[in-house]
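Sequence and predicted structure below; questions after.
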Amino acid sequence: MPTHAQPAIAVTGLRKSYGDKLVLDGIDLTVPAGTIFSLLGPNGAGKTTAVEILATLKKPDSGEAQVNGFDLARQSDEIRMSIGVTGQFAAVDGYLTGEENLLLMADLNHLSKQEGRRKAAELLERFDLVEAGKKVSTTYSGGMRRRLDLAMTLVGDPRVIFLDEPTTGLDPRSRHTMWQIIRQLVANGTTIFLTTQYLEEADELADRIAVLDHGRIVAEGTAEQLKRRIPGGHVSLRFADPRALRAGELALRAAGEVSADEDALTLQVPNDGSFRALRALIDRLDGAAVEVEELSVHTPDLDDVFFALTGHPHDSQKDALR
């Protein structure tokens with residue numbers, strides 16, 4: 001059984017080919033328990049294949065993986081009993097009510113009728129579906145169907161949940177509701193392996209992000225770490241008057257390029273936003289006795305990171321990350 005220090009998912013040298021097409025080229029991943037890990041990649045990068053292998057839906061050609069402490073090659077049944085998988089298209093039976101969908105999942109998880117009813121009632125309340133629970137799910141909105149789909153995944157109390165584009169097609173309010181639910185799951189100790197076509201979603205939710213391209217992990221880290229790898233970060237400084245602006249420009253120009261906007265009384269200085277770089281900038285200003293009214297750090301966003309690492313522009317409206 002997994003221990004507290006043991007990662008929820010550990011992958012070493014995972015490879016998968018379909019004929020002559022190499023889809024996964026020896027990827028390594030470690031996902032700590034109780035965190036949100038997001039796997040990003042352009043269409044055809046191998047992201048979906050990686051998820052299907054870890055969810056025991058496909059077998060790798062080579063490599064090793066453990067999920068919840070269970071070995072992928074030898075303990076696939078144990079892995080399936082300890083995980084949940086929610087696809088981008090809700091696996092809800094439209095001819096059943098919300099409650100009946102949950103009771104069906106309870107039967108599939110071999111719960112007693114009493115325990116199944118208790119679990120269904122608990123999840124309907126947790127996902128704000130009590131009133132809708134007696135209605136057939138074809139009457140549900142997209143957000144309600146997604147909430148019910150995730151609730152069905154939780155019937156078996158999985159310790160790891162694979163979420164494949166959980167908010168695709170949802171309106172902003174429903175997306176934010178799903179984000180709150182996902183955060184609550186992680187706060188209660190669940191591990192989330194997230195794929196998403198919305199880079200904002202990965203930025204908002206993920207503790208760590210890996211970028212997969214042509215079957216290889218080309219970058220991994222927190223969102224902030226990834227952004228700092230991309231050129232274009234800068235610090236904007238605003239001054240009280242033109243005299244202070246000129247003094248600041250003089251103090252900083254010796255260290256590199258500085259762009260001044262005299263009308264706005266601002267300087268723009270290339271900077272990766274790291275503590276060391278910011279401290280060096282501030283020390284230069286202090287050394288020249290220059291006072292700054294306002295300082296703000298601007299770093300590239302995940303769209304910039306995605307393009308720089310993969311060479312593919314990100315289309316947040318379609319399927320660039322599927």
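Ah, there it is.

what sits against Phe193?
Shown in contact with Phe193 (CB atoms under 8 Å, 6 or more residues apart in numbering): Ile9, Val31, Phe37, Leu39, Val51, Leu54, Val160, Ile161, Phe162, Leu163. Just so you know, the C-beta spots here come from the backbone N, C-alpha and C atoms, and that holds for glycine as well.

For it, give me phi and psi.
When read as degrees, to the nearest 10, the backbone of Phe193 gives phi -110, psi 110.

Quickly find the element holding Thr153.
Under the criterion of DSSP states H and E, Thr153 resides in helix 142-153.

Dump the next helix or strand after that helix to PDB, keeping only the CA atoms.
With elements assigned by DSSP H and E, the helix or strand that comes after helix 142-153 is strand 160-164. Output of strand 160-164 as PDB, limited to C-alpha atoms (Å, rounded to 0.1, in the frame of the first residue of the first chain):
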ATOM      1  CA  VAL A 160      -6.100   9.200  -8.000                       C
ATOM      2  CA  ILE A 161      -8.500  10.700 -10.500                       C
ATOM      3  CA  PHE A 162      -7.600  11.200 -14.200                       C
ATOM      4  CA  LEU A 163      -9.500  14.200 -15.500                       C
ATOM      5  CA  ASP A 164      -9.500  14.500 -19.300                       C
END
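
Could you tell me which strands sit next to strand 160-164 in the sheet, and their orientation?
The strands beside strand 160-164 in its sheet (DSSP bridges) come out as strand 83-86 (parallel), strand 191-195 (parallel).

Could you save these as CSV and add columns showing mean pLDDT?
Output for the strands paired with strand 160-164, formatted as CSV (pLDDT from 0 to 100):
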stretch, mean pLDDT
strand 83-86, 91
strand 191-195, 94
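
Please report how far Leu123 lies from Lys134.
14 Å (CB to CB, to the nearest Å).

no, scratch that, I was asking about Phe275
55 Å.

More neighbours: which of the two?
The residue with more neighbours, out of Phe275 and Lys134, is Lys134; 11 against 7, by other CB atoms under 10 Å.

Identify the residues contacting the more buried one.
Thr97, Gly98, Glu99.

ok, the residues you listed vs Gln225, which is closest?
Ranked by distance to Gln225 (CB to CB), those are led by Gly98 at 40.7 Å.

confidence score at that closest one?
For Gly98, the pLDDT comes out at 95.

Now do the same for Ala320: its pLDDT.
Per-residue pLDDT puts Ala320 at 36.

cool, and Gln317?
Gln317 is given a pLDDT of 35.

now Gly232
We have a pLDDT of 73 for Gly232.

can you give me the angle the top helix by length along the chain makes with strand 160-164?
Longest helix in the chain, counting residues (DSSP state H): helix 172-187. Angle, helix 172-187 to strand 160-164, by axes from the mean of the first three to the mean of the last three CA atoms, to 10 degrees: 160 degrees.

what mean pLDDT does helix 172-187 have?
Across helix 172-187, pLDDT averages out at 90.

buried residues in that helix?
By neighbour count, with 16 or more other CB atoms under 10 Å as the criterion, the buried positions of helix 172-187 are Ser174, Arg175, Thr177, Met178, Ile181, Ile182, Leu185, Val186.

And stretch 247-259, by the same measure?
Ala247, Gly248, Glu249, Ala251, Leu252, Val258.

Distance to Lys119 for those - can I get that in CSV?
Below are those laid out as CSV (distance: CB to CB, whole Å):
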residue, distance to Lys119
Ala247, 67
Gly248, 62
Glu249, 65
Ala251, 65
Leu252, 62
Val258, 62
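
Next step: those restricted to helices.
In helices, judged by DSSP H, the following of those are found: Ala247, Gly248, Glu249, Ala251, Leu252.

quick check, nearest of the residues you listed to Val23?
Closest approach to Val23 among these (CB to CB): Leu252, at 48.3 Å.

My read is that that closest one contacts Gln268, right?
No - counting by CB atoms under 8 Å, Gln268 is not a contact partner of Leu252; they are 10.3 Å apart.

list the residues that contact both of the two?
Val258.

re earlier: make TSV out of the contacts of Phe193 and add pLDDT and distance to Asp61.
What follows is these, written out as TSV (pLDDT from 0 to 100; distance: CB to CB, whole Å):
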residue	pLDDT	distance to Asp61
Ile9	97	19
Val31	97	22
Phe37	97	23
Leu39	93	19
Val51	91	16
Leu54	95	15
Val160	96	23
Ile161	95	26
Phe162	95	21
Leu163	91	26
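
out of these, which one sits closest to Ser76?
Nearest to Ser76 among the contacts of Phe193: Leu54, at 10.6 Å, using CB to CB.

Kind regards, and thank you for your time.
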